[in-house]
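A.B. asks: One predicted model, sequence on top.
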Amino acid sequence: MASTPTVFVSAATGTQGLYVARRLREIGWFVHATVRTPTSPAALTLAALGVAITPGDWDTPSALTAALAGCTHLFLNTVPSLPPADITHERAQASAILTLAASAGVRHVVYSSALAIDRLGDVAVFDAGSLVGKMLLNKAAVEEELKGAGFETWTVLRGASFMENFLPPKVAMYFGLVETGTWTMALLPGAKMPLVGADDIAKFAVAAFKDPARFAGKEIPIAGDELSPEEIMELLSEAAGKQLKFVALTDDEIAAQRGFNPMIVAQLALRELGKFVKAEESKVWSIPLLTFKEFVGKNKDLIKQTYF
């Protein structure tokens, strides 16, 4: 009788990781994770799910070694390092996890990377020397290391813009949206932006773990919906019970912000996501995907609490 698989889930207290851990526990698989603060609400949630928790972080080899012991699978999802931290820190952490995972006997890896990493040359605003460019190149380097690390199978998932970015705490990246009700961005009015729910990444990850032959060597862009900024604000407004609106930055405003706001390039890149994923194409995997309307409905109370 085959033994029950055991999965090390990185960033298990984060949005994607928690969804992955929850879905794996629902099918009876064992889950291991490291957590910096075992008493945090997210860590306590993991513990309640039956996740085996090892105190420590990705910069502590002993903690990673202990958490990876006995694992057969790895869900890899790392967080970009921002200045003043070393921008290459994410890459070093991912490398350490992959190296120790291979030594521990992990056979199957699913890496939640980012959209267009395999086609950076097609991103018009890509600049290898910019902050965003360096962050994307780190993920590209992790992908290459993964592919050459000798695991039996690997799968790369490329999620579109996350729906959870409109919920706390991530909504803080959209400066002023909650406080003023205005989403001011370098997006094009009326242009469709692909969106994905974090739980849909988890669905793909679990599917890849359960059927590694089908997903082996695949690099999969994922989107559950495509909406314009105006349509996004309309749906959020209905849930919040408050009028929210989108305002597009002008070309002059964008040019001015490029001098002091390194993330303006990320906003410009959002204009191009539609070149790399279509919601209709994601359906070929026969995995149910969340629309933004469904996402808003599931999170209506939190949206109202956040925006009203």
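C.D. replies: Alright, I've got the coordinates. Residues are numbered from 1 along each chain as shown.
A.B. asks: Go ahead and confirm G150 touches A102.
C.D. replies: Yes: proximity of G150 to A102 meets the contact threshold set by C-beta atoms under 8 Å, at 6.2 Å. For the C-beta atoms, the positions are set from N, CA and C on the backbone; glycine is no exception.
A.B. asks: More neighbours: which of these two?
C.D. replies: A102 (16 against 9; other C-beta atoms under 10 Å).
A.B. asks: Off-centre distance for the one helix or strand the more buried one maps to?
C.D. replies: Using DSSP states H and E, A102 maps to helix 89-104. Centroid separation between helix 89-104 and its chain, computed with C-alpha atoms, centre = their mean, to the nearest Å, is 18 Å.
A.B. asks: buried ones in it?
C.D. replies: Of the residues in helix 89-104, those buried under the neighbour-count criterion (16 or more other C-beta atoms under 10 Å) are 89-95, 97-98, 100-102, 104.
A.B. asks: now those residues in a markdown table, with distance to F126 and pLDDT?
C.D. replies: Below are the buried residues of helix 89-104 laid out as a markdown table (distance: C-beta to C-beta, whole Å; pLDDT from 0 to 100):
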| residue | distance to F126 | pLDDT |
| --- | --- | --- |
| H89 | 21 | 94 |
| E90 | 18 | 95 |
| R91 | 18 | 96 |
| A92 | 23 | 96 |
| Q93 | 23 | 97 |
| A94 | 21 | 98 |
| S95 | 23 | 98 |
| I97 | 26 | 98 |
| L98 | 25 | 98 |
| L100 | 32 | 98 |
| A101 | 30 | 98 |
| A102 | 31 | 98 |
| A104 | 35 | 98 |
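A.B. asks: For burial, what's the neighbour tally of the residue nearest to A102 when sequence neighbours are not counted?
C.D. replies: Across the structure, with C-beta to C-beta, 6 or more residues apart in numbering as the measure, the residue nearest A102 apart from its sequence neighbours is A149 (5.5 Å). Here the count is done by other C-beta under 10 Å, and A149 has 15 residues near it.
A.B. asks: G70 too?
C.D. replies: By the measure other C-beta under 10 Å, the count of residues near G70 is 14.
A.B. asks: Which of the three states applies to it?
C.D. replies: coil (DSSP: H, G, I helix; E, B strand; the rest coil).
A.B. asks: F308: what's it in contact with?
C.D. replies: Contact criterion C-beta atoms under 8 Å, 6 or more residues apart in numbering gives A240, G241, K242 as the residues in contact with F308.
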